[in-house]
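Peer 1: got a predicted structure plus its sequence, pasted below:
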Amino acid sequence: METQWPKGVVGATTATIGNIEHRISSQFPSKLLNPTPPKKMAKKVILVTGGSGLVGNGIRIASERDPRDDEQFIFLSSKDADLTDKESTRKVFEKHQPTHVIHLAAKVGGLYGNMKANLEFFRINMAINDNVLSLAKEFKVEKVVSCLSTCIFPDKTTYPIDETMVHNGPPHTSNYGYSYAKRMIDVMNKGYNQQHGCKFTSVIPTNVFGPYDNFNLEESHVIPGLVHKLHVCTQENKPFTVWGTGKARRQFIYSVDLARLFLWVMRSYDEPDPIILSVAEEDEISIKEAAEAVARAYGFTGEWIYDTTRSDGQFKKTACNNKLRKYLPDFKFTPFDEAIKETCDWFSKNYPQNVRL
Amino acid sequence: METQTQTERVLFQVFGVLSIFGKRNRLGLDPPGLRALRRHHRHHREHRTPDLLTVSQASCSTQHLHKMAKKIILVTGGSGLVGNGIRIASERDPRDDEQFIFLSSKDADLTDKESTRKVFEKHQPTHVIHLAAKVGGLYGNMKANLEFFRINMAINDNVLSLAKEFKVEKVVSCLSTCIFPDKTTYPIDETMVHNGPPHTSNYGYSYAKRMIDVMNKGYNQQHGCKFTSVIPTNVFGPHDNFNLEESHVIPGLVHKLHVCTQENKPFTVWGTGKARRQFIYSVDLARLFLWVMRSYDEPEPIILSVAEEAEISIKEAAEAVARGYGFTGEWIYDTTRSDGQFKKTACNDKLRKYLPDFKFTPFDEAIKETCDWFSKNYPDNVRL
């Protein structure tokens, strides 16, 4: 196997042999002076696309709580590059020379945002994903972990869903654009692995929530929508409206837990096939139960309304986390009420100036 | 009736005659009609009449203007098997309101958006028949699924997004029965395209083609675009790719049997010969393509194929080609070579609902025409 010289390691630039000082190119440290560096020194330069979002911030928090000496994180946001543009994306790869990529950047939206613009959700995400993966191959990135979602699974399916079922039928009509674009990440991961031996893989989280989410009521996912509404309704003593019947069911995963699992995947999971990152099937709850947890966190005691003219989306998307449990039988998730309380506290402290609305 | 300008009188006389042959379009001055008129006036500056539009909207001669409205039909992949079929079919049955432009890879790199844009700017198409793709037989695909996916995704996204930008009235893209789910019931029909993963041998090509259908729906829902697609079964005919490493089944058999007949060598069939296919002659497919472009308005795809009963084995296809050449030598089956999918039987009920009387060229006749073309053009004018 070829010796891989780690990027960015500063080697000796001169060597004195006898009385003569020889200049050594920093690109090729002499083996006489620098025997093969121990692997532990090899630093991972981890580029996190979509680094300013919900999951990106979760990874930042998780890496700060448990830092490793051989890991350097670079969190990108849309200010740093337009990932739909190849040259803009290339500049980022050239600048940072990543060894690893955690690819979270995507055009996302809740149910209502998707329903209106499936074509855009498809095209924008296809462009982003193709640029990131093709440049990762070009720059010989060792590992790319992309992010899929349980919402991309077939609409007509048996439950619980597992990793082998992603492509087994058409997705729900509400977000087929987003769903197909995400599915094509898995198709490309397989292609890159088969043709070039690239270690490109993906994870499938269920519904994520936590601080730094998008809390805009027209675009948000379920829990940030509830948090925002209940914050306002508690403050202003107004009735609280749940969109939909409240009966749809979801497995929720706290962003910081997801982040810890993401880091484990990046370090230790070597299959090109995706892995579901989720709480157990028994921990699935209804939107009503989720709303009640948020209401408890705010101490809301006012009136409740269900706006049943609003769509529920898919009734359920129950996912099986057996594959995860096979690898990590002892992983502990943050209890739901505790995670909701942390999220609501963060929202209250940061609303409205430092919250994405 | 309003006073007509000299120009209008000339136009209406000329096109009034031709209007007998043209199809009656919907009322209202549609953009192609306007474009044609503007182009006409650019060439005849002395007759420049900005008022023409208001006048013609009021006059009863509006209908003549519609019959004038020329379709400018851009055919991407126009130098290929199906593109040549369309050329032949349009030459055998020309319409006055249809002008065809056949593109080849010399004219543009469709994986590059700006190169593709230049082509749209140059020709200002009103219709697009989108055939261009990176294609290959079974063996070519198996080696390079990633490339087949990425190249075809780039081509398709460029063509469709530019078609929308240039307000193209209709785009007809080309899918294939090989993109259907591998695990499925037979016969397959148009509703089943996305019902499961495709065969592993060509998943890259298959997914890229499926995404055309996804985008067609998206463009239709978000922008009202009339973008649709057809699903042919195995196509064959003149002007195919006859390279033995890359070709599809029938051109491979034609090439090999031509050589084996000439050199009196044993003839080797790759695979067991038992796999089954429905074959459609490129000129028949082209006639159907033109019907879809003119008259089929659903965004959902439509299968263009002979009936289920006309499905044959590779062995039977090889025997027809052998008859085409009068080959009587020895036969060998190289069973180390993959058969690909065992069958892909497609249902053509939707086509038969629209066109109950359409007649396909008999298989032996179409094979004979193909072999004759190959013999006449081999080796200099054949893609090898």
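Peer 2: That came through fine. Numbering: from 1, shown residues only, chains lettered A, B, ... in the order given.
Peer 1: how about the residues of chain A by chain B?
Peer 2: Chain A comes close to chain B at residues A:117-120, A:122-123, A:126, A:130, A:134, A:167-170, A:176-177, A:180, A:184, A:187-188, A:190-192, A:194-196, as judged by CB under 8 Å from any CB of the partner chain. Placement of C-beta: from N, CA and C, glycine included.
Peer 1: how about a cut-off of 7 Å?
Peer 2: For chain A, the residues in contact with chain B (CB under 7 Å from any CB of the partner chain) are A:117-119, A:122-123, A:126, A:130, A:167-170, A:176-177, A:180, A:184, A:187-188, A:191-192, A:194-195.
Peer 1: can you pull out the strands in the stretch 201-350 of chain A?
Peer 2: For the stretch 201-350 of chain A, applying DSSP state E, counting those that start in this stretch gives strands covering A:207-209, A:240-243, A:249-250, A:252-254, A:275-277, A:285-286, A:304-307.
Peer 1: tabulate these (a markdown table), appending mean pLDDT, distance to residue A:230 and mean neighbour count.
Peer 2: Below are the strands of the stretch 201-350 of chain A laid out as a markdown table (pLDDT from 0 to 100; distance: least, CB to CB, whole Å; neighbours: other CB atoms under 10 Å in any protein chain shown):
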| stretch | mean pLDDT | distance to residue A:230 | mean neighbour count |
| --- | --- | --- | --- |
| strand A:207-209 | 95 | 13 | 22 |
| strand A:240-243 | 94 | 6 | 19 |
| strand A:249-250 | 94 | 17 | 21 |
| strand A:252-254 | 97 | 16 | 25 |
| strand A:275-277 | 98 | 27 | 24 |
| strand A:285-286 | 96 | 16 | 16 |
| strand A:304-307 | 94 | 10 | 13 |
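Peer 1: so can I have a markdown table of those strands showing distance to residue A:91?
Peer 2: Converted to a markdown table, these look like this (distance: least, CB to CB, whole Å):
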| stretch | distance to residue A:91 |
| --- | --- |
| strand A:207-209 | 29 |
| strand A:240-243 | 41 |
| strand A:249-250 | 38 |
| strand A:252-254 | 33 |
| strand A:275-277 | 31 |
| strand A:285-286 | 44 |
| strand A:304-307 | 46 |
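Peer 1: so which of the ones you listed is nearest residue A:332?
Peer 2: Among the strands of the stretch 201-350 of chain A, strand A:252-254 comes nearest to residue A:332, with 11.4 Å by CB to CB.
Peer 1: which helices and strands sit right next to that closest one?
Peer 2: If contacts are counted by 3 or more CB pairs under 7 Å, 6 or more residues apart in numbering or on different chains; DSSP states H and E, strand A:252-254 sits against strand A:207-209.
Peer 1: what lines up beside the strand it packs on in the sheet?
Peer 2: Sheet pairing of strand A:207-209 (DSSP bridges) gives strand A:252-254 (parallel).
Peer 1: now do the partner strand: distance to the chain's middle.
Peer 2: Its chain's average C-alpha position is 12 Å from that of strand A:252-254, according to CA atoms, centre = their mean, to the nearest Å.
Peer 1: would you confirm that residue A:145 belongs to a strand?
Peer 2: Yes. Assessed with DSSP: H, G, I helix; E, B strand; the rest coil, residue A:145 lies in a strand.
Peer 1: buried only: go through the residues of chain A next to chain B for me.
Peer 2: Listed as buried from the residues of chain A next to chain B are A:117-119, A:122-123, A:126, A:130, A:167-170, A:176-177, A:180, A:184, A:187-188, A:191-192, A:194; burial here means 16 or more other CB atoms under 10 Å in any protein chain shown.
Peer 1: could you dump stretch A:224-244 to CSV, C-alpha only?
Peer 2: The C-alpha trace of stretch A:224-244 is given here as CSV (Å, rounded to 0.1, in the frame of the first residue of the first chain):
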residue,chain,number,x,y,z
PRO,A,224,-40.2,23.7,15.3
GLY,A,225,-43.6,24.7,14.1
LEU,A,226,-45.2,23.6,17.4
VAL,A,227,-42.4,25.3,19.4
HIS,A,228,-42.8,28.6,17.6
LYS,A,229,-46.6,28.6,17.9
LEU,A,230,-46.7,27.6,21.5
HIS,A,231,-44.1,30.2,22.4
VAL,A,232,-46.3,32.9,20.9
CYS,A,233,-49.6,31.5,22.2
THR,A,234,-48.2,31.2,25.7
GLN,A,235,-46.8,34.7,25.7
GLU,A,236,-50.0,36.2,24.2
ASN,A,237,-52.5,34.0,25.9
LYS,A,238,-54.0,32.9,22.6
PRO,A,239,-55.6,29.6,21.5
PHE,A,240,-53.2,27.2,20.0
THR,A,241,-53.9,25.6,16.6
VAL,A,242,-52.4,22.3,15.5
TRP,A,243,-52.3,21.9,11.7
GLY,A,244,-53.9,18.6,10.7
